[in-house]
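**Student:** Need coordinates for the following:
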Amino acid sequence: MTRVQTWLLLGGLLTLLGLLLLSMTTGAGHYGGRDLLGYLAGDPQLRADDKLAMILHTLRGPRTLCALLVGGSLAIAASLLQNATRNPLAEPGLLGVNAGAVLGLVLGLTYAGIGSTLGYLLWSGAGALVGNLLVLGLGGLFSMGRPLQLILVGVALNAIFGGLSSFLLLSHQVVLDQFRFWDLGTVAGADAAAIRLVTPLVLLACLLAWSLCRGLTLLQMGDAQAQALGIHPRRLRLGVLLASTLLTASAVSLAGPIGFLGFLAAYGARQIEPVVLGRQLLFSALGGGLLLLLADILARWLIRPFELADGTLLALLGAPLLIALVWRGQHRLMTGESTP
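**Tutor:** Residues are numbered from 1 along each chain as shown. Below is the predicted model of the structure:
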């Protein structure tokens, strides 16, 4: 790791610590930083305050942890997809994977009456897997089609999945009421039990992603060169499919569909470390956690006492950046070339 990367990592970790503290002192109630520090220090009076304990343990604590977990998961999933497809614009939201997870959840709500985190996870996971299979299969992952082809397939699948979800929701008013808040894309409803359930799956997916790093790094030279070095591209991409599906399903089951987060974090990580995927995943996870934490803090602060959806703020940042990148032609989408 270079000196610049080391300083960026240390700066990111310090910023993350600051945002964690800020997140724990922002939100419902009149409790601030002094109350938080006193509670952590064991002040008897503050420890006896049941309302403060409830706010920290039930509202702000799970919300903060959920932002870290969801942000890191979506960022790692995007980084894996970008490297597997050699397409720097790939991410779960743009490729239709999030929309597939949403459709899976709507089907579960409509026909299975799910209401638990496990049900959300299973049904959104099945939808994310179908979305991944369709977009990567139709987009020519195994034949390495043009980058623009993959994005267009993702746009089409987003429209199809979104249309099917809307049809089911409009046909079932009760399901629509249950679904409406979740669809905003926010960690406001984070639950400690749900986080405990999903965390082992996220860790398992991260271990799988880490095991794929060497192969994906060599894959950037091309399939033929990677095969000559003993890498199996198809098997490698199947691993990416599994890891990205687990990460996306876990994130969507906790916070709903949050677009552009993975793209922003993974793109930033590629600028810091364009070659070594292990470091790139590290910076992606850190960037994803920072972005979602910051977005969630702003969502609680900008229009107090009301709140914005985290996904709305990230879309306002991510969409203009995506347009700017395509407009500048940095990724040469129209020529079919990809960035190594």
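
**Student:** nearest residue to the most centrally placed residue in the chain other than its sequence neighbours?
**Tutor:** Within the chain, the residue whose C-alpha comes closest to the C-alpha centroid is Leu74; the distance, by C-alpha atoms, centre = their mean, is 1.9 Å. Sequence neighbours aside, Gly262 is the residue nearest to Leu74 in space, at 4.1 Å (criterion: C-beta to C-beta, 6 or more residues apart in numbering). (Glycine included, C-beta is placed from N, CA and C.)

**Student:** Next, count neighbours for Leu118.
**Tutor:** With neighbours defined by other C-beta atoms under 10 Å, the count for Leu118 comes to 13.

**Student:** Kindly report the same for the one 3 residues further on.
**Tutor:** As a burial measure, Leu121 scores 23 neighbours (other C-beta under 10 Å).

**Student:** Could you do Ile272 as well?
**Tutor:** Using other C-beta under 10 Å, Ile272 is surrounded by 19 other residues.

**Student:** now do Tyr111
**Tutor:** Other residues within reach of Tyr111 by the criterion other C-beta under 10 Å amount to 12.

**Student:** again, but for Ala101
**Tutor:** Ala101: 33 neighbours (other C-beta under 10 Å).

**Student:** which strands and helices sit next to the strand or helix carrying it?
**Tutor:** Counting by DSSP states H and E, the secondary-structure element that holds Ala101 is helix 97-107. The elements that helix 97-107 packs onto, with contact taken as 3 or more C-beta pairs under 8 Å, 6 or more residues apart in numbering; DSSP states H and E, are helix 117-138, helix 147-171, helix 173-180, helix 233-255.

**Student:** Next secondary structure element downstream of the third one?
**Tutor:** Toward the C-terminus, helix 173-180 is succeeded by helix 192-211 as the next helix or strand (DSSP H and E).

**Student:** elements contacting that following helix?
**Tutor:** Applying 3+ C-beta pairs under 8 Å, 6+ apart, we find helix 192-211 packed against helix 61-85, helix 117-138, helix 233-255, helix 277-301.

**Student:** Just say which of those is most tucked in.
**Tutor:** Mean neighbour counts were taken over the helices and strands packed on helix 192-211 using mean count of other C-beta atoms under 10 Å, and the top value, a mean of 27, falls to helix 61-85.

**Student:** That helix to helix 277-301, inter-axis angle?
**Tutor:** 140 degrees (axes from the mean of the first three to the mean of the last three C-alpha atoms, to 10 degrees).

**Student:** and the angle from helix 61-85 to helix 97-107?
**Tutor:** Going by the same axes, to 10 degrees, helix 61-85 makes 130 degrees with helix 97-107.

**Student:** average pLDDT for helix 61-85?
**Tutor:** Within the predicted structure, the mean pLDDT of helix 61-85 is 91.

**Student:** angle of that helix against helix 192-211?
**Tutor:** Computed by the same axes, to 10 degrees, the angle between helix 61-85 and helix 192-211 is 30 degrees.

**Student:** so who does the residue nearest to Leu74 touch?
**Tutor:** Gly262 is in contact with 74-75, 77-79, 91-93, 288, counting by C-beta atoms under 8 Å, 6 or more residues apart in numbering.

**Student:** Trp182: neighbouring residues, count only.
**Tutor:** 20.

**Student:** How about it: what's its closest non-neighbour residue?
**Tutor:** Ranked by C-beta to C-beta, 6+ apart and with sequence neighbours excluded, the top spatial neighbour of Trp182 is Gly256, at 4.7 Å.

**Student:** residues contacting the one you found?
**Tutor:** Gly256 sits next to 102, 182-186, 311 when contact means C-beta under 8 Å, 6+ apart.

**Student:** so what's Ala243 scoring on pLDDT?
**Tutor:** Reading off the confidence values, Ala243 has pLDDT 91.

**Student:** Okay, it and Ala188: tell me how far apart.
**Tutor:** When distances are taken as C-beta to C-beta, to the nearest Å, Ala243 and Ala188 turn out to be 27 Å apart.

**Student:** Now for the residue nearest to Leu184 when sequence neighbours are not counted: which residues touch it?
**Tutor:** Of all residues not flanking Leu184 in the chain, Ala309 sits nearest, at 3.9 Å (C-beta to C-beta, 6+ apart). Contacts here follow C-beta under 8 Å, 6+ apart; on that basis Ala309 touches 184-186, 299.

**Student:** What's the local residue count around the residue nearest to Leu282 when sequence neighbours are not counted?
**Tutor:** For Leu282, ignoring the flanking residues on the chain, the nearest one in space by C-beta to C-beta, 6+ apart is Leu9 at 7.5 Å. The burial count assigned to Leu9 is 16, neighbours taken as other C-beta under 10 Å.

**Student:** Quick check: Leu9 touching Met1?
**Tutor:** Yes. Judged on C-beta atoms under 8 Å, Leu9 makes contact with Met1 at a distance of 7.5 Å.
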